[in-house]
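Colleague: I would like the atomic coordinates for the input below:
(2 chains)
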Protein chains: 2
Amino acid sequence: MSAAAAPARKKQTNYPEPFASRMNGRQKRPLGDLFGLKSFGVNLTRLSPGGESALFHRHSRQDEFIYILEGQPTLITDDAETLLGPGSCAGFPAGGTAHQLVNRSGADVVYLEVGDRTPGDEGSYPRDDIQAALGPDGRWLFTHKDGTPY
Amino acid sequence: MSAAAAPARKKQTNYPEPFASRMNGRQKRPLGDLFGLKSFGVNLTRLSPGGESALFHRHSRQDEFIYILEGQPTLITDDAETLLGPGSCAGFPAGGTAHQLVNRSGADVVYLEVGDRTPGDEGSYPRDDIQAALGPDGRWLFTHKDGTPY
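Modeller: Below you'll find the predicted structure:
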């Protein structure tokens, strides 16, 4: 099927505010789910100018991979900012550098993102007062860093 | 990094003959491994005219996903043959239809392929006298369907 014709996810993000609004420039089309894949997810994701792929984050147990199809996003990692373009790829092993794509250009960015579904994963966010734990139901639970709920 | 600049896998295939030669039109550039990803693999794969992605096969435990970047491969499944093009994607859940891409066009085909690394996987090949079992060392063991070795 045409990936661009896949339905966009209706709920833009599960982040609580004030972080949810920062994802307004992001649109995800889940692809792997359409075919019944269980072990990993694949999204076709579009970032409008100013859009962000996610908060700057790392996973404790899950690997991630991105491949840029269109546009020029900036990849932010612990140590560097790198301008990517079509045909660029990057991978983020569990426990590695935190990472985020931001679209500082004037045109849309489109990329494929792959992530596995290893249970017991945690998301950590070095620059924001939020942390995430993957529940046994596969849903993310977000709290402040002191553990209090949003 | 540029995916197209990633090193190509030196050994084209682990299939025994007479199947190995059928993969001569296939070139894989492992991408996920470059970044230390463990849970899944991602390859940038090129098929010359006449090339095949793999023998017609299914996995017992591992999911697969493909996204076409260039060219027009034919996707063969249990029930159909479908011409794909740039921006097409397909997913193959464990235990689902057998599948294979063949390049019947006159131009190269380039695609991304993703597969997870669930242990204990088996490959079955409905049209060929071969079967595969994933060993504890992560290597495939190929035998005839009666279990005799190649």
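
Colleague: Can you give the contact residues for stretch A:139-150?
Modeller: A:Asn14, A:Tyr15, A:Pro16, A:Glu17, A:Gly123, A:Asp129, A:Ile130, A:Gln131, A:Ala132, A:Ala133, A:Leu134, A:Gly135 (Cβ atoms under 8 Å, 6 or more residues apart in numbering or on different chains). Where you see a C-beta, it was placed from the backbone N, CA and C, and this is true even at glycine.

Colleague: and those residues, which of them are in strands?
Modeller: Among these, the ones falling in strands (DSSP state E) are A:Gly123, A:Gln131, A:Ala132, A:Ala133, A:Leu134.

Colleague: hang on, the earlier thing: any chance of the contacts of stretch A:139-150 in JSON lines, plus pLDDT?
Modeller: Formatted as JSON lines, these follow (pLDDT from 0 to 100):
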{"residue": "A:Asn14", "pLDDT": "94"}
{"residue": "A:Tyr15", "pLDDT": "96"}
{"residue": "A:Pro16", "pLDDT": "96"}
{"residue": "A:Glu17", "pLDDT": "96"}
{"residue": "A:Gly123", "pLDDT": "97"}
{"residue": "A:Asp129", "pLDDT": "97"}
{"residue": "A:Ile130", "pLDDT": "98"}
{"residue": "A:Gln131", "pLDDT": "97"}
{"residue": "A:Ala132", "pLDDT": "97"}
{"residue": "A:Ala133", "pLDDT": "96"}
{"residue": "A:Leu134", "pLDDT": "93"}
{"residue": "A:Gly135", "pLDDT": "90"}
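
Colleague: Now, of these, which are buried?
Modeller: A:Tyr15, A:Gly123, A:Ile130, A:Gln131, A:Ala132, A:Leu134 (16 or more other Cβ atoms under 10 Å in any protein chain shown).

Colleague: Tell me the one of those residues nearest chain B?
Modeller: Nearest to chain B out of the buried ones among the contacts of stretch A:139-150 is A:Leu134 (Cβ to the nearest Cβ; 13.9 Å).
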